[in-house]
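Trainee: Take this sequence and fold it.
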Amino acid sequence: TNTPNSEYTQTTIIPGTEKILVSEDTKIGWSPIMVNAEMPLADIYKANLKLSKIAFVNDDRNQTADQKGENITYIIRVENLTDIEAKNIYAYDTIPEGTTLVENSIDNNGKNKDNKIEWKIESIKPKETIEVSFKVLVKDEKIDVIKNKATINGNTTEEVKTPIIKTNKVAKIVSKSSDGNEVLLDRDAKVGEKIRYIISAKNDSEADGQTVITDSIPENAELVEGSISEGGSISDGKITWSNVKVGAGKTTEVSFDVIVGNTNESIKNKAIIGNTPTDEVDTKVANIVTEKTSKRISKDGKEIKDS
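Mentor: Have a look, this model is predicted:
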């Protein structure tokens, strides 16, 4: 029984562990009285969770530039920076515009409803990092960039941007001008001439990207030694440019030269950028036939004809 005008003690016991971890701001209040706890009051912590998100293409973490028909993988990371177990963490994400969800790609028991994905993470141990992920398929080639971000317990990750690049491949005949300078021509090739293949990736978005480009030496042609552009390497007839950077608003090109062999068949070739082949380029080889003749010429330069 409380006695008027006298000091008294209110005992408050908080059940559970010695320390309590809460994932959101929680107010705990008492009336304005003298409080002497029978045991030390629990330390109240707000969960210190470090959030991050990454996106990559075609299951290759070095590829960050995409094309229509290719996949994007999103990984959301939640790291518990405290020394106590965190519980009941909720993560949310949405299927970005211009994409569709890849079937069965949501992990860790995440559920999709109306293009919104939800994960409930029961607990994260001290200093532990938990990842959840899903994949989407790019379906709209008119979009320059795919944007996405996640929300974890009311906090939002940084937005990740995946540029959608446009690709092309051309073949040019390498020749010389009258003053000896190199010129690239659009015409049929001749046996023994050089063909230069130029593969390009164009990025019209505001986000930098990176891709991989591969090509092969076509039939009836031979690689010109030293002609592979910077960053490329060859193995078993396959040329690879790894980690090709395609800057925001820029076009990146790679190239190599071949010499046309002794053939009258077209030289056909296509490259692969990311996981997507370029259109095939078909260089026709001119069918030039020469006829050898023998003539008798007089001292004055006139042809001597048989009578």
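
Trainee: Pick out the residue nearest the middle of the chain.
Mentor: Thr64 (1.8 Å; Cα atoms, centre = their mean).

Trainee: Quick check: pLDDT value at it.
Mentor: Note on Thr64: pLDDT of 98.

Trainee: same thing with Glu24?
Mentor: On the pLDDT scale, Glu24 is placed at 50.

Trainee: same deal with the one 3 residues further on?
Mentor: Listed pLDDT for Lys27 reads 49.

Trainee: Thr167 now?
Mentor: With respect to pLDDT, Thr167 has a value of 97.

Trainee: any idea which element it lies in?
Mentor: strand 166-176 (DSSP states H and E).

Trainee: same question, Thr162
Mentor: Using DSSP H and E, Thr162 sits within strand 160-163.

Trainee: With just CA atoms, put that strand into PDB.
Mentor: Coordinates of each C-alpha in strand 160-163 appear next as PDB, following Å, rounded to 0.1, in the frame of the first residue of the first chain:
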ATOM      1  CA  VAL A 160      21.200  -0.500 -58.100                       C
ATOM      2  CA  LYS A 161      21.100   0.300 -61.800                       C
ATOM      3  CA  THR A 162      21.700  -2.200 -64.600                       C
ATOM      4  CA  PRO A 163      22.200  -0.600 -68.000                       C
END
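
Trainee: Which strands or helices does it pack on?
Mentor: In terms of contacts (3 or more Cβ pairs under 8 Å, 6 or more residues apart in numbering; DSSP states H and E), strand 160-163 is packed against strand 49-57, strand 145-148. C-beta coordinates here come from the backbone N, C-alpha and C atoms, glycine included.

Trainee: now these in JSON lines, with distance to Leu184 and mean pLDDT?
Mentor: Listed next are the helices and strands packed on strand 160-163 as JSON lines, based on distance: least, Cβ to Cβ, whole Å; pLDDT from 0 to 100:
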{"stretch": "strand 49-57", "distance to Leu184": "31", "mean pLDDT": "97"}
{"stretch": "strand 145-148", "distance to Leu184": "32", "mean pLDDT": "97"}
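
Trainee: what about the nearest residue to Lys111 once chain neighbours are set aside, neighbour count?
Mentor: Taking Cβ to Cβ, 6 or more residues apart in numbering, and ignoring the residues beside it in sequence, Lys111 has Glu118 as its nearest neighbour in space, at 5.6 Å. Using other Cβ atoms under 10 Å, Glu118 is surrounded by 14 other residues.
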